[in-house]
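> Model the following, please.
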Amino acid sequence: PLGPEEADAIAIAGMGGETIASILGNAPWASGGTCLFYLQPMTSVPDLRRWLWRNGFVIEREELVREDKLYVVLTARGGEMAPLTPAEEWCGKQDRNMTSPYRGEYLSMMLSRAERALEGLGCSARLKDQERAKRWRGLVSELKQMKEEWIAWQR
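Residues are numbered from 1 along each chain as shown. So this is what the prediction gives:
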């Protein structure tokens with residue numbers, strides 16, 4: 001294990017978001033704010049974003065990179081971050097000044113995943129799944145709004 005004085009920046013890449021969160025959670029000094037973390041989760045990106053803001057980290061920057069498929073790279077350090085909406089957990093915060101050439105494609109991909117999940121829940125008659133479907137409908141609506149906003153900013 002590394003100690004807080006052993007690195008100024010640490011990259012954790014090529015594993016799932018839950019594993020990255022577990023690694024950070026097992027280093028209590030990590031949220032102290034002095035070390036910069038470059039995080040590249042292969043899966044569970046929304047779970048990692050949610051974990052970061054709930055556990056004393058601030059996401060300073062997000063980049064989308066392509067190598068056969070799209071990958072998210074988060075730059076984070078200890079600090080307070082405003083709570084994320086469900087859509088921001090899924091796709092990160094966005095603003096008019098972003099210049100990512102892959103943002104529109106990423107929003108479409110994540111919206112499609114959310115719509116497929118909602119469609120699957122719609123096939124279930126279980127009360128629990130009907131309750132989950134309400135949350136997913138809200139997420140789909142937020143993602144559509146986020147995508148429309150992005151498209152408008154690109155004009």
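> Contact partners for Ala76?
36-37, 39, 52, 57-60 (Cβ atoms under 8 Å, 6 or more residues apart in numbering). (C-beta placed from N, C-alpha, C; glycine too.)
> Assign a three-state SS to it, would you?
strand (DSSP: H, G, I helix; E, B strand; the rest coil).
> What residues are recorded as beta-bridge partners of it?
Phe37, Ile59 (DSSP bridges).
> Tell me the spacing between it and Glu115.
Going from Ala76 to Glu115 by Cβ to Cβ, to the nearest Å gives 29 Å.
> got it, and Glu88?
Taken as Cβ to Cβ, the span from Glu88 to Glu115 is 18 Å.
> just the helices in this structure please.
17-25, 45-54, 86-91, 103-122, 127-153 (DSSP state H).
> what domains does the record give for this structure?
1-81, 85-155 (automatic domain parsing).
> Take the helices of the chain and write them to JSON lines, including distance to Ala9 and mean neighbour count.
Converted to JSON lines, the helices of the chain look like this (distance: least, Cβ to Cβ, whole Å; neighbours: other Cβ atoms under 10 Å):
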{"stretch": "helix 17-25", "distance to Ala9": "14", "mean neighbour count": "18"}
{"stretch": "helix 45-54", "distance to Ala9": "16", "mean neighbour count": "21"}
{"stretch": "helix 86-91", "distance to Ala9": "25", "mean neighbour count": "22"}
{"stretch": "helix 103-122", "distance to Ala9": "25", "mean neighbour count": "16"}
{"stretch": "helix 127-153", "distance to Ala9": "30", "mean neighbour count": "15"}
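> Done for today, thanks.
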